[in-house]
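Asker: let's see this in three dimensions:
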Amino acid sequence: MFVLENGAKKKGEDPRLQAISQAIRVVPHFPKQGIMFQDITTLLLDHSAFKDVVDIFVDRYRDMDISVVAGVEARGFIFGSSIALGIGAKFVPLCKPGKLPGEVISEKYVLEYGTDCLEMHVGAVQHNERVIIIDDLVATGGTLSAAIILLERADAEVVECACVIGLSDLKVRSKLNGKPLYILVEPRQVENGF
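Answerer: Now for the predicted structure:
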């Protein structure tokens, strides 16, 4: 477990992290050649590992006066809603375009292979509410950056971004407008791509 905060990597000694890491299946060359896809569906099948992920996040955020957990579609919904229940906060989904039925605000962002967009209901967060953003994985930081901008446009205070899996790359940190990034495990690799 580590936090990229002011450029410093801080390692934890939590014994649950090895089980969490091992519960994530690595699928070579998915969705395209050269990608080592980190599949959290196998983590979700492991009750103990899934519970440990949620418990670690709840322990971290329980006493930080967080009023909103914002989950990035779709895997951020899985972890974010559980964390929100655990800390007594409301859950706000950040969705792809066309998924929310009410009035929305949008933020476009650039991906390696094109552009995408996140949307949030107008009024979902209030002035100065303290927010954490949850997703399953951070690779380049583009999605989290868009989520930060979206929430700050709604006048919320983004306290931290958190992901189950992430690279300890300071280039990601530079995209997060100075917000701390909390990550449980680094992406696993497999031998010979299998």
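
Asker: now the phi/psi pair for residue 147, please.
Answerer: phi -60, psi -40 (degrees, to the nearest 10).

Asker: leaving out the residues flanking it, which one is nearest to it?
Answerer: residue 133 (4.8 Å; C-beta to C-beta, 6 or more residues apart in numbering). The way it works is simple: take the backbone N, C-alpha and C, and place the C-beta from them, glycine included.

Asker: secondary structure class for that neighbour?
Answerer: Under DSSP: H, G, I helix; E, B strand; the rest coil, residue 133 falls in the strand class.

Asker: was I right to think it contacts residue 68?
Answerer: No: applying C-beta atoms under 8 Å, one finds residue 133 not in contact with residue 68, separated by 9.3 Å.

Asker: neighbour count: the two, which is higher?
Answerer: A count of neighbours by other C-beta atoms under 10 Å puts residue 133 above the other of residue 133 and residue 68, at 28 against 24.

Asker: look up how far residue 128 lies from residue 79.
Answerer: 25 Å (C-beta to C-beta, to the nearest Å).

Asker: who's more crowded, those two?
Answerer: Between residue 79 and residue 128, residue 79 has the larger neighbour count (other C-beta under 10 Å), namely 25 against 9.

Asker: ok so the more buried one is a strand residue?
Answerer: No: applying three-state DSSP, one finds residue 79 to be helix, outside a strand.
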